[in-house]
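Enquirer: Coordinates for the following, if possible.
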Amino acid sequence: MTKQTSLIVRITVFVIVMLTVMSISFLVEAQDVPARPGQPTMVEQPVRPTTRPMDLIDIADGLASWYGATFHGRRTASGRRYNMHEMTAAHRNLPFGSLVRVVNATTGQRILVEITDRGPFIRKRVIDLSRAAAKALGVSVTPVELQAMRPGDFAAAYAGDSSAVVIIDADHEFHTAHQDVIDLLSEPMAFTKAITSVTAGQVIAVVPSDDGQGFAYALARVRIPVEQLDTIDVARVN
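Expert: This is a model prediction of the structure:
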């Protein structure tokens with residue numbers, strides 16, 4: 001390359017750099033110009049979806065009992081076959097498909113069960129657990145505290161925000177999370193399979209079933225620490 005060519009190249013580069021700097025300065029100055037009186041200032045607000053807790057409803061506390069092999073395979077009030085190995089329960093009036101958080105009032109141990117049957121019909125007893133659920137909770141005929149999330153509560157959460165996904169964390173707390181921070185890790189499945197398959201660091205996503213008649217459950221991951229579900233602004237998540 002001759003000296004003249006080299007000089008031309010350097011000048012060209014210099015001009016390009018100067019034009020770039022001037023353009024940036026002009027843009028900065030233009031943004032600093034105050035709006036004229038009466039002229040609306042357009043401020044674009046960033047979308048900041050959050051993860052919010054959902055409140056369960058309190059239902060009557062009392063004694064939990066359980067039923068097992070004698071009823072195994074029989075048709076329940078919901079039409080499903082009773083399986084004593086599933087995490088299900090009977091309640092007198094909660095809608096079928098409701099999820100109930102059952103807390104052992106003595107030990108504080110908690111489980112989550114799906115209502116599929118009617119009962120119990122013995123005074124002071126408020127819920128009849130499957131054999132598997134009773135074993136997981138460590139109860140026979142034991143005082144328990146109950147809270148429920150009904151299918152209508154899930155439907156309301158989805159109707160209010162089309163971008164929301166209802167999730168259940170490891171402590172059986174319910175949240176609505178923005179779909180952008182949820183990674184589904186499985187196909188939708190039955191409740192018992194989901195609740196017994198979820199592992200550390202995962203949550204359960206409550207999703208509309210394929211037939212549109214209820215809800216199914218999928219293993220999922222939230223791209224934020226689970227313990228921060230109630231507080232983090234998910235717009236900051238990468």
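
Enquirer: Could you use CA atoms for every contact and neighbour count after this?
Expert: Noted.

Enquirer: and residue 106, what is it in contact with?
Expert: Contacts for residue 106 (Cα atoms under 8 Å, 6 or more residues apart in numbering) come out as 143-144.

Enquirer: quick one: it and residue 133, what's the gap?
Expert: Counting by Cα to Cα, to the nearest Å, the gap from residue 106 to residue 133 is 16 Å.

Enquirer: likewise residue 101?
Expert: 11 Å.

Enquirer: any residues in contact with both of these two?
Expert: With Cα under 8 Å, 6+ apart, residue 101 and residue 133 have common neighbours 111, 113.

Enquirer: Just give me the residue closest to the centre of the chain.
Expert: Centroid-nearest residue in the chain: residue 167, 1.6 Å away (criterion: Cα atoms, centre = their mean).

Enquirer: so where does that one fall, helix or strand?
Expert: Using DSSP states H and E, residue 167 maps to strand 164-168.

Enquirer: That strand pairs with which strands, parallel or anti?
Expert: strand 174-178 (antiparallel), strand 203-208 (antiparallel) (DSSP bridges).

Enquirer: Packing partners of the helix or strand containing residue 59?
Expert: Element membership for residue 59 (DSSP H and E) is strand 57-67. Using 3 or more Cα pairs under 8 Å, 6 or more residues apart in numbering; DSSP states H and E, the elements in contact with strand 57-67 are strand 125-130, helix 131-137, strand 142-149.

Enquirer: The residue nearest to residue 146 when sequence neighbours are not counted: how many residues sit nearby?
Expert: Using Cα to Cα, 6 or more residues apart in numbering and skipping residues adjacent in sequence, the residue nearest residue 146 is residue 102, 5.0 Å away. Neighbours of residue 102 under the rule other Cα atoms under 10 Å: 24.

Enquirer: mind listing the strands for this protein?
Expert: Ranges of strands in the chain, per DSSP state E, are 52-54, 57-67, 88-90, 99-104, 110-117, 125-130, 142-149, 164-168, 174-178, 182-184, 203-208, 215-222.

Enquirer: CA-only coordinates of stretch 165-175 in PDB, if you can.
Expert: Presented in PDB, the C-alpha positions along stretch 165-175 are these (Å, rounded to 0.1, in the frame of the first residue of the first chain):
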ATOM      1  CA  VAL A 165     -49.200 -20.500  34.600                       C
ATOM      2  CA  VAL A 166     -50.300 -21.900  38.000                       C
ATOM      3  CA  ILE A 167     -47.500 -23.700  39.800                       C
ATOM      4  CA  ILE A 168     -47.100 -25.700  43.000                       C
ATOM      5  CA  ASP A 169     -43.800 -25.600  44.800                       C
ATOM      6  CA  ALA A 170     -42.100 -28.100  47.100                       C
ATOM      7  CA  ASP A 171     -43.900 -26.800  50.100                       C
ATOM      8  CA  HIS A 172     -47.300 -27.200  48.400                       C
ATOM      9  CA  GLU A 173     -47.700 -23.500  48.100                       C
ATOM     10  CA  PHE A 174     -49.500 -22.200  44.900                       C
ATOM     11  CA  HIS A 175     -48.400 -19.400  42.700                       C
END
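
Enquirer: If anything else comes up later, I'll come back, but that's it for now.
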